[in-house]
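K.L.:
Provided below are the primary sequence and the corresponding predicted coordinates.
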Amino acid sequence: MLKLEHLVKDYYTGDEIVHAIRDLSVTFRDNEFVSILGPSGCGKTTLLNIIGGLDNYNSGNLIINGRSTRDYTDKDWDTYRNHRIGFVFQSYNLIMHQTVLQNVALSMALTDVPKEEREKRAAAALEKVGLKDQLNKKPTQMSGGQMQRVAIARALVNDPEILLADEPTGALDSHTSVQIMDLLKEIAQDRLVIMVTHNPELAQSYSTRIIRLKDGEIVSDSDPAADEEEVQNARGSLKKPSMKFRTALSLSFNNLLTKKGRTLLTAFAGSIGIIGIGLIMSLSNGMQGYIDRVEQDTMTSYPISIEDNTMDMSVLMSAMMTGSDEEKQPYDGTVRSRAFADKLLGSIADTEKNNLTAFRKYLQSPEGKELKETASAIEYNYGITMHVYNEHAQGDKLVTVSPNGLMEELGMSDMISLRNQFMGGMSSSMPGSEVWKALPAEDSLRDQEYELLDGRWPESEEEVMLEVDENGEISDFTLYSLGLMNQSELVQNYRDLQAQKTDEIEPGDPVSFASDELLGMEFTLVPNSDLYRKVGDIWVNESGDEEFVADAVKEDGRTLKIAGIMKPKETSLGTPHTMGGVWYDRSLETWLRDEGKNSDIVKEQMEHKDINVFTGRKFGDSTELSAADLTPEQQMVLASMSQQELMDYMASYNDAANATYDSNLAKLGIYDEDTPTSIELYADTFEDKEKIGDLITVYNEQQQAEGNDANVISYNDTVGAMMSGVSDIINIISYVLMAFVGISLVVSSIMIGIITYISVLERVKEIGILRAMGASKRDVSNVFNAETFIIGLLSGLLGVGLTVLLNIPISLVIQKVTGVAGIARMPVAGGVILVLVELVLTMVAGLIPAQMAARKDPVQALRSE
Ligand code: ADP
Ligand code: MG
């Protein structure tokens, strides 16, 4: 069955040629115990390795079961070694980090014998060699004889046709040698055993045939086999060995377990790059989250607000900035003027009118659908002034809640109106002087901004909300204004202050209210039209006349009740403390309008659209009241008036001198739904806000194209521009940092490659053993790929795990410094990606060393220590 014909093997070392085997021909029977004897260096091991398929020959032929091996592929050799050959070496060649049982089961693991079957057969083989109770020992815990038994068990477990033993007793004492020889003799009963030995006595007493070698040639053969004796003993097609990746993993895992410290250090070193990237990722993720929250809050606090009259803030800005676009020339002996005051005035004069009627119509039309849907909410304001009083607060004295009478009393109204003029559209979102305000028309917007603390949301126009801050406080200013604290005390203090009688100032005592004192508290709204009295042929504003107002409150007032208490939702932006106030439902405006429409004054104004009901003159005819212009009838009426009445009459008249039809109706609480005084477009994100801006531009271009230049809308959006820059900067910084850390990732991968290479050097012996048992080159490289897989996975997980841990103190420190919590937060997807990246990088780094391992010559590998 096994036949060598004129076999030649030469080794080339440098220029020298060593003829290890020269023209050797021999035939082995299927079943005999052959001993090969010969001096050291005569080529015994070389012969055995060639027979075992571990080494190749230069010329001649090796015929296995009648088939020449000249055309054997690598795969054929792997299969041959795995199934037909069992090797026993002088130095045992066991894998030290595997148990005895695992060592024996390994060659079966190369073919896919199920694990249980593998262990059963391995245990049976070990029982045969007398090691039944030592299955789970490591080879290091055994004697030489025991290790050689393990090696024999391993050689037998696949039931090979040929057992090759290279000086199996060379390292054993004579007593143990005899035991091993007994074992081999028994094994030789039903297969071919070829044993190389130094010991002629053992050969004599145990083997059936002795071949003596000298200088690579046979010098004697005690029982040469005739060619005719050759029997065909093919076992049919044999399963090609191939290691499962799981086996490779378990081999590498056990190996790594033997050097836990180094593995951990390697994984940690590899994870440093990951930690760096992970931290940056966490921070930028947290920052982005924070910015998103700020964005959302900013968006709700600062909508795009389009006023019917708007001032171009950019002109104002450029007037204040020195480095404007204009070309400047350096000082050349002349001093020139630079426009500042003129520009400032220009910008105020340059107030643009926005046609909100047309814009509102557009928003309601199908063409404006995209704009309408991009906005998270749209609020229309109609600039209605409500006249609200508190009858019950301070005995008989009526407190004017809206328009805020306190400012007037303190003489601060000029200051407020000046500020409002300067802040333009932003004034609506600033804590203002008014304590009577409109809730958002859309519930979604209301819920986004406010949280209900007590009671319920308004269910009709009669119900209003009391707003407190996050601590349940209301500013005393608001309480004074609402009449919940004594206004006259504050006014007295103010007077004392002005008179420089500072020691007489007594701060008001702090007050508190139980929620049920506040819930149900009443205010009275007087329709605007009921505050005018017809004097002669014109209507006089009597809102300054206490008695008249008191009567109007009693007769025409509408009682409003506090239905609930709310607070602004907490935002990440840390919006300024609200001053508190009362917020009415928008339906109250409708009620006010409908009520006004039935009044005589409004009917009269609407009937005579060209005549100003407050002056009796045509609109635009803006002459002030003077004695010369008075009609006889007027003269009579005036003559009968008291001094005070006369002054009120004059003030009311002069106040209305420059009015228009629209402004008169607005004053009377009448508004046209189609004509808002401002439109607020809310967005959830900057992207949406930018899109809204773009869509308004589209609208403007469309209007211009149609020749409706007057319909072009202009608005100011300074906050938006500022915030979007911040977001960009953070992105840029993150990318730059990630690039830096990416470099460290590459460096750490290279390091892992080097460590894998060292591991290859350390495991050379194991590579040889695996090859001897039939492992293919690919299996060997898989063992190392498995090793880098484990290290890569470990360092990826370690890196991400450490990042998550580090995020805790980092977040705490940032919170301590900035007050913003949870800034360092690893995104889940990012973590998974990082582990994968580390895994891939590490495996790539290990590819070259793994290839090197696969290409190792098995004979050389076995010879190494
Ligand atoms: P034995 O096992 O009989 O002691 P070997 O078969 O190991 O002898 O070696 C036979 C001859 O081949 C020796 O001279 C040895 O030096 C030489 N030899 C073996 N392997 C190599 C090798 N890889 N490179 C060079 N020479 C080798
Ligand atoms: Mg030898």
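P.N.:
Received the coordinates, thanks. Ligands and ions are numbered 1, 2, ... in the order given.
K.L.:
my read: Thr79 touches Pro241, true?
P.N.:
Yes. With contact defined as C-beta atoms under 8 Å, Thr79 counts as touching Pro241 (6.2 Å). From N, CA and C alone the C-beta is placed, and that goes for glycine too.
K.L.:
okay, and the common contacts of those two?
P.N.:
Shared contacts of Thr79 and Pro241, defined by C-beta atoms under 8 Å, 6 or more residues apart in numbering, comprise Gly774.
K.L.:
helix or strand with the lowest mean pLDDT in this protein?
P.N.:
helix 413-423 (a mean of 53; mean pLDDT, DSSP states H and E).
K.L.:
find the helix or strand that Val859 is a member of.
P.N.:
helix 858-863 (DSSP states H and E).
K.L.:
swap in Leu251?
P.N.:
Applying DSSP H and E, one finds Leu251 within helix 245-257.
K.L.:
buried sites along that helix?
P.N.:
Of the residues in helix 245-257, Thr247, Ala248, Leu249, Ser250, Leu251, Ser252, Asn255, Leu256 count as buried by neighbour count, 16 or more other C-beta atoms under 10 Å.
K.L.:
what's the last one in contact with, if anything?
P.N.:
With C-beta under 8 Å, 6+ apart as the criterion, the residues that contact Leu256 are Thr263, Glu787, Ile790, Ile791.
K.L.:
give me that answer again for 7 Å
P.N.:
Thr263, Glu787, Ile790 (C-beta atoms under 7 Å, 6 or more residues apart in numbering).
K.L.:
for ligand 1, what are the nearby residues on this protein?
P.N.:
Tyr11, Thr13, Val18, Ala20, Gly38, Ser40, Gly41, Cys42, Gly43, Lys44, Thr45, Thr46 (C-beta under 6 Å from any ligand atom).
K.L.:
so Glu542 touches Val535, yeah?
P.N.:
No. Glu542 is beyond contact range of Val535, at 9.3 Å (criterion: C-beta atoms under 7 Å).
K.L.:
quick check, Leu560 in a strand?
P.N.:
Yes. Under DSSP: H, G, I helix; E, B strand; the rest coil, Leu560 sits within a strand.
K.L.:
tell me the bridge partners for it.
P.N.:
With DSSP bridges applied, Leu560 shows beta-bridge pairing to Phe523.
K.L.:
how many other residues sit next to Glu462?
P.N.:
18 (other C-beta atoms under 10 Å).
K.L.:
skipping adjacent residues, who's closest to it in space?
P.N.:
If the residues on either side of it in the chain are set aside, Glu462 comes closest to Leu560, at 5.5 Å by C-beta to C-beta, 6 or more residues apart in numbering.
K.L.:
can you count the residues close to the one you found?
P.N.:
Leu560, neighbours per other C-beta under 10 Å, totals 24.
K.L.:
wouldn't it be in contact with Val464 here?
P.N.:
Yes. Using C-beta under 7 Å, Leu560 is in contact with Val464, at 5.2 Å.
K.L.:
how much space separates Gly693 from Ser714?
P.N.:
For Gly693, the distance to Ser714 equals 11 Å [C-beta to C-beta, to the nearest Å].
K.L.:
what sits against Leu638?
P.N.:
Leu646.
K.L.:
so what's the residue nearest to Glu462 scoring on pLDDT?
P.N.:
Predicted confidence (pLDDT) for Leu560: 94.
K.L.:
go on, Tyr11?
P.N.:
pLDDT, Tyr11: 92.
K.L.:
what segments of the stretch 101-250 of the chain are helices?
P.N.:
Taking DSSP state H, counting those that start in this stretch as the test, the helices found in the stretch 101-250 of the chain are 115-128, 144-156, 174-187, 200-206, 245-257.
K.L.:
mean pLDDT lowest for which of those?
P.N.:
helix 245-257 (a mean of 84).
K.L.:
re the thing from before, out of the contacts of Leu256, who has the most neighbours?
P.N.:
Counting by other C-beta under 10 Å, top hit in those: Glu787 with 29 neighbours.
K.L.:
any idea which helix or strand carries it?
P.N.:
Going by DSSP H and E, Glu787 is in helix 777-818.
K.L.:
just checking, what packs against that helix?
P.N.:
helix 245-257, helix 260-301, helix 718-762, helix 764-772, helix 828-854 (3 or more C-beta pairs under 7 Å, 6 or more residues apart in numbering; DSSP states H and E).
K.L.:
run the chain-centre distance for it.
P.N.:
18 Å (C-alpha atoms, centre = their mean, to the nearest Å).
K.L.:
pLDDT averaged over that helix, what's the number?
P.N.:
Helix 777-818 carries an average pLDDT of 91.
K.L.:
now that helix and helix 260-301, what's the angle there?
P.N.:
Interaxial angle, helix 777-818 versus helix 260-301 (axes from the mean of the first three to the mean of the last three C-alpha atoms, to 10 degrees): 50 degrees.
K.L.:
what's the pLDDT at Ala572?
P.N.:
Quick fix: residue 572 reads Ser, not Ala. pLDDT at Ser572 comes out at 54.
K.L.:
and the helices in the stretch 401-550 of the chain, which stretches?
P.N.:
Going by DSSP H, counting those that start in this stretch, the stretch 401-550 of the chain shows helices at 405-410, 413-423, 443-449, 476-482, 487-498, 515-518, 546-556.
K.L.:
count the neighbours of Leu279 for me.
P.N.:
20.
K.L.:
can I assume it is in contact with Leu806?
P.N.:
Yes. Under the criterion of C-beta under 7 Å, Leu279 makes contact with Leu806 at 6.4 Å.
K.L.:
any idea how far ligand 1 is from Gln141?
P.N.:
Gln141 is 30 Å from ligand 1, where distance means C-beta to the nearest ligand atom, to the nearest Å.
K.L.:
next: Leu466.
P.N.:
From Leu466 to ligand 1 the distance is 97 Å (C-beta to the nearest ligand atom).
K.L.:
partner residues bridging that residue?
P.N.:
Applying DSSP bridges, one finds that Leu466 bridges with Ile565, Val582.
K.L.:
what is the neighbour count of it?
P.N.:
By other C-beta under 10 Å, neighbour count at Leu466 equals 26.
K.L.:
for it, which residues are in contact?
P.N.:
Leu518, Ile562, Ile565, Val582.
K.L.:
of all those, which comes closest to ligand 1?
P.N.:
Ile565 (93.8 Å; C-beta to the nearest ligand atom).
K.L.:
what is the end-to-end distance of stretch 581-600?
P.N.:
Stretch 581-600 has an end-to-end distance of 33 Å (C-alpha to C-alpha, to the nearest Å).
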